[in-house]
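Give me a model of this one.
(one chain, ligands or ions: 2)
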Amino acid sequence: MSDLGSFVAGLPKAELHLHIEGSLEPEMMVALARRNRVAIPFASVEEVRAAYRFTDLQSFLDIYYAGADVLRTAEDFHDLAAAYFDRAAADGVTHAEIFFDPQTHTHRGIAFATVMDGLLAAVDGARAKHGMSVYLIMSYLRHLDEEDAFATLAMAEPWLDRLVGVGLDSSEVGNPPAKFARVFAASRERGLKLCCHAGEEGPPAYVHEALDLLHVDRIDHGNRSMEDAGLVARLARSAMTLTVCPLSNVALRNVDRLEDHPIDRMLAAGLRATIHSDDPAYFGGYIAENFRAVAEARGLGREQLVTLARNSFLGSFLPDDQVAAQLTRLDAYAERT
Ligand code: ADE
Ligand code: ZN
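Ligands and ions are numbered 1, 2, ... in the order given. Below is the predicted model of the structure:
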């Protein structure tokens, strides 16, 4: 491994933007299709991989939702998440806050309990095996209506103590944050933290809406905030965390080339930007590869990489004492490496 590669892999970091369904590797997709006798429109792992050429967010989502159809049992959700936690641990992740999309499964007749049972078994396993803390964030699908999100919140009621927050994902343009203002308020009333994908494909106005109408704790992506100087100043002033996903941005054509990625301009503008993996099985790399690739493409130095890792803990939903402990470990690594 290169110097940069090994520095990044050992750098303690938090994963804050990972869709567990987006960690479904083609090998597991094919294996689960066989195990569950589900027909998929691909004859081999190579054919699955060859389908991963995206022109925009929607072209990806169509394949991502189709792929999720192989997930049927609690064991499937366990195996998916356990494989992800093994990869994350190898990438230096010491704490993870992962998204799952309940409606992608409940709409196919899979019980909310099936999803939770499988994921929670893997979460408990990650702590035992890797000493990794894991929080779950259930994400509402924004192409569906708010009533459906309310029904999902009702289903989650028995598991509220195992969920740290809610998110909002899926097709952004045409589905602004305002559409979900009431269900976000209801989620907050139940003690849940609030995240929202905004400014990935959608305009800066959607980021303003996520702040003004949803009162979010975190913005996922947020890249297009850079088009609005007033918004950048506002995000910087409030130390709002932006969970940026460089390989996703290139795969979904939000950025032409990694060499053009705005991550260092975001840091220079005072934004609390962090680096994450989004849907790594589809976009060509997990969190360490996102760090490494964008560092190489943009010439980021160690100080910037440590800042990005620091921001991941500062932006996490860990209690203050655990954030402090994570930062102590990070500083020790930065000093001795
Ligand atoms: N669901 C999974 N990945 C997503 C992304 N990058 N944007 C919006 N919704 C998603
Ligand atoms: Zn995402």
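
Give the full set of residues in contact with the residue of the stretch 1-150 of the chain found nearest ligand 1.
Nearest residue of the stretch 1-150 of the chain to ligand 1, counting by C-beta to the nearest ligand atom: residue 19, 4.1 Å away. Just so you know, the C-beta spots here come from the backbone N, C-alpha and C atoms, and that holds for glycine as well. Counting by C-beta atoms under 8 Å, 6 or more residues apart in numbering, residue 19 makes contact with 64, 98, 99, 100, 101, 139, 169, 278, 279.

can we see that at 10 Å?
Each residue near residue 19 by C-beta atoms under 10 Å, 6 or more residues apart in numbering is listed here: 64, 68, 98-101, 104, 137, 139, 167, 169, 220, 248, 277-282.

In the chain, what residue lies closest to ligand 1?
Closest point on the chain to ligand 1, by C-beta to the nearest ligand atom, is residue 169, at 3.5 Å.

If that residue is in a bridge, with which residues?
As for beta bridges, residue 169 partners with residue 141 under DSSP bridges.

Looks like residue 131 contacts residue 89 (just checking).
Yes - the pair residue 131 and residue 89 passes the contact test of C-beta atoms under 10 Å, sitting 8.5 Å apart.

Run a quick neighbour tally on residue 16.
Residues within reach of residue 16, counting by other C-beta atoms under 10 Å, total 28.

mind checking the longest helix of the protein?
For the chain, the helix that runs over the most residues, judged by DSSP state H, is helix 112-130.

Show me what it is packed up against.
In terms of contacts (3 or more C-beta pairs under 10 Å, 6 or more residues apart in numbering; DSSP states H and E), helix 112-130 is packed against helix 74-90, strand 93-100, helix 102-106, strand 133-141, helix 146-156.

tell me which residues in the first one are buried?
Across helix 74-90, burial judged by 16 or more other C-beta atoms under 10 Å covers 74-85, 87-89.

Residue 269 - nearest residue in space that isn't next to it in sequence?
The shortest distance from residue 269 to any non-neighbouring residue, by C-beta to C-beta, 6 or more residues apart in numbering, is to residue 232 (5.1 Å).

pLDDT at that neighbour, what is it?
Per-residue confidence at residue 232 stands at 98 (pLDDT).

and it, what does it touch?
Per C-beta under 10 Å, 6+ apart, neighbours of residue 232: 204, 207, 222, 225, 226, 265, 266, 269, 270, 271.

Quick check: phi and psi at the nearest residue to the fifth one once chain neighbours are set aside.
Right, the one you point to is residue 226. Excluding the flanking residues, the one nearest residue 226 by C-beta to C-beta, 6+ apart is residue 262, at 5.4 Å. Main-chain torsions, residue 262, degrees, to the nearest 10: phi -80, psi 10.

interface residues of the protein facing ligand 1?
19, 22, 57, 64, 169, 170, 197, 200, 248, 278, 279 (C-beta under 6 Å from any ligand atom).

wait, doesn't residue 177 sit right on residue 202?
Yes - Residue 177 is within contact range of residue 202, at 8.8 Å (criterion: C-beta under 10 Å).

Tell me the bridge partners for the residue of the stretch 1-150 of the chain closest to ligand 1.
Under the criterion used (DSSP bridges), residue 19 bridges to residue 99.

So which elements touch the helix or strand harbouring residue 30?
Secondary-structure assignment from DSSP states H and E places residue 30 in helix 26-35. Applying 3+ C-beta pairs under 10 Å, 6+ apart, one finds that helix 26-35 makes contact with helix 45-50, helix 57-67, helix 74-90, helix 280-283.

What residues of that helix count as buried?
26, 28, 29, 30, 32, 33.

of the residues you listed, closest to residue 319?
The shortest approach to residue 319 among those belongs to residue 28, at 33.5 Å (C-beta to C-beta).

does residue 142 really touch residue 184, like I thought?
No - if you go by C-beta under 10 Å, residue 142 and residue 184 don't touch, sitting 11.3 Å apart.

Check the contact lists of these two and give me the overlap.
149, 168, 177, 196.
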